[in-house]
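# just coords:
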């Protein structure tokens, strides 16, 4: 997948795949807290960047953006929107 090709409906699946790739526990509910530490956030950012084919701006890497699958999916969707 290249940057800009992520439909909002696919963003949560992409985030779940990235979390699985880094070995993070997947909550049953997309709105449940992820409970990942800062190192895991860095790993997740790297994995998402690889899957998206674009960089996530450092200003977007804030704990609240990585609080839940839904929050990360919103970040992914906003990156897509920024390219439109």
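Yes, it's here. This structure is a prediction, so every number in the text was calculated from the model and none was measured.

# remind me which residues of the chain are low pLDDT?
Scanning the chain for pLDDT under 70 picks out 1-9, 81-84.

# From the centroid of it, which residue is nearest?
Nearest residue to the geometric centre of the chain (Cα atoms, centre = their mean): residue 72, 4.1 Å.

# so what's that residue closest to, chain neighbours aside?
residue 15 (4.5 Å; Cβ to Cβ, 6 or more residues apart in numbering). For the C-beta atoms, the positions are set from N, CA and C on the backbone; glycine is no exception.

# any idea which element that neighbour lies in?
Here residue 15 is covered by helix 8-21, with elements defined by DSSP states H and E.

# what does that helix contact?
For helix 8-21, the surrounding residues in contact (Cβ atoms under 8 Å, 6 or more residues apart in numbering) are 1, 6, 26, 30, 34, 44, 47-48, 51-52, 69-70, 72-74, 76-77, 80.

# Next step: these restricted to helices.
Using DSSP state H, 44, 47-48, 51-52, 69-70, 72-74, 76-77, 80 are the members of the contacts of helix 8-21 that sit in helices.

# Most neighbours among those residues, which one?
residue 72 (26 neighbours; other Cβ atoms under 10 Å).

# residues touching that one, list them.
Residue 72 makes contact with 15, 34, 44, 48, 65, 66 under the criterion Cβ under 8 Å, 6+ apart.

# Turn the residues you listed into CSV, including distance to residue 59.
Converted to CSV, the contacts of residue 72 look like this (distance: Cβ to Cβ, whole Å):
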residue, distance to residue 59
15, 19
34, 20
44, 17
48, 15
65, 10
66, 14
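
# nearest to residue 22, of the residues you listed?
Nearest to residue 22, judged by Cβ to Cβ, of those is residue 44 at 5.8 Å.
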